[in-house]
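Chemist: Kindly return the folded structure for what I paste below:
(2 chains)
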Amino acid sequence: MSDSAGSTDAARRHAFAELVEPQIEVLLRVARSLAGNAPDAEDLVQKALLRAFRGLDVFDGRHPRAWLLTILRNTNANLHRRQRPLIVDNWELIHTSRPAFGAAVQPSAEDSVVADQIDTTLWEAVSALDPRFRTALILVDLNDLSYAEAAAVLGVPVGTVMSRLSRARERVRRAVRPTPPIGEQHS
Amino acid sequence: MITAVRQLLTCHWTSHRVQRYLDADPDAHLAPDEVARLEAHLAACERCTDLVAQHKALHWALSTWSRRSPVDPASVDRVRRFVDELSDGSRS
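Modeler: Got it, this is the predicted structure:
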């Protein structure tokens, strides 16, 4: 290899590391949702990164996270060709511990009971969602993906993500909102 | 009567945009005039202000679930080493 080719290759490898490093955590989070457990998620991410490295030459340099998430989805699809359309259905994994709902400070015993009831209600509402809607909710509200990134994971248009997310949130919101007193209810 | 109907229509209009307003996603920005109209309505409508508060609370609650189950740092380290090996040429 000539010096020029060698330095180009070194620059390419360096660029890859720079591009991937900030995305490792989100890739693992999303992969955990896709794969269902942490060891498989790590394996999935490594396979996807190898594909990304080999395909780096065709990457246009824009939206690296969405690019990597697309590769993650495709890698997962190749591993599980016979599986149903992608649904993040292992979300019990995400919700492994259930301390008092959103407690930033130690709640009083009474607050703790109320908070736990809200947490349970929320949990039930999300569980009751159509899996396609729940998946959009998990990717955006739990994994903090943008609409385009969630669309990349699901392989659907951004508008579809928005529609599913909107329905999911609205159903959950209606399920967990405090019941207004009679006479103050809106249609 | 007309004022009440107009108010209801604006509530309906707002409810269809409130998630995009809160998400501020780069692929689904509201136009500046839509933001101005929505914020003006929120300043005057308790019902829609409450709707915004519920959506904020919902998003916050769901994000806390994610934080309770963070990615294992050891797993991040292993993937980071994998990337290092790809980028230094020892694995490709």
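
Chemist: switch to C-alpha atoms for all contacts and neighbour counts from now on
Modeler: Will do.

Chemist: buried ones in stretch B:12-22?
Modeler: Going by neighbour count (16 or more other Cα atoms under 10 Å in any protein chain shown), the buried part of stretch B:12-22 is B:14, B:17-21.

Chemist: restrict these to those near chain A?
Modeler: residue B:19 (Cα under 8 Å from any Cα of the partner chain).

Chemist: and which of the buried residues of stretch B:12-22 is nearest to chain A?
Modeler: Minimum distance to chain A across those is 7.3 Å, recorded for residue B:19 (Cα to the nearest Cα).

Chemist: What helix or strand is that closest one located in?
Modeler: Of the helices and strands defined by DSSP states H and E, residue B:19 is found in helix B:18-23.

Chemist: Can you list the helices and strands that that helix packs against?
Modeler: helix B:46-68 (3 or more Cα pairs under 8 Å, 6 or more residues apart in numbering or on different chains; DSSP states H and E).

Chemist: The one helix or strand residue A:8 maps to: what's the following helix or strand?
Modeler: Under the criterion of DSSP H and E, residue A:8 resides in helix A:3-20. For helix A:3-20, the following helix or strand on the C-terminal side (DSSP H and E) is helix A:24-35.

Chemist: Give me the distance between that next one and the centre of its chain.
Modeler: Remark: helix A:24-35 is offset 7 Å from the chain centroid, using Cα atoms, centre = their mean, to the nearest Å.

Chemist: got it, and stretch A:60-67?
Modeler: 17 Å.

Chemist: residues in contact with that stretch?
Modeler: Under the criterion Cα atoms under 8 Å, 6 or more residues apart in numbering or on different chains, residues A:19-20, A:23, A:59, A:148-149, A:152-153 lie in contact with stretch A:60-67.

Chemist: quick one: the helix holding residue B:19 to chain centroid distance?
Modeler: With Cα atoms, centre = their mean, you get 6 Å for helix B:18-23.

Chemist: Direction-wise, compare whichever helix or strand comes after it with helix B:46-68 and give the angle.
Modeler: As assigned by DSSP H and E, the chain's next helix or strand after helix B:18-23 is helix B:32-44. Orientation note: helix B:32-44 sits at an angle of 100 degrees relative to helix B:46-68 (axes from the mean of the first three to the mean of the last three Cα atoms, to 10 degrees).
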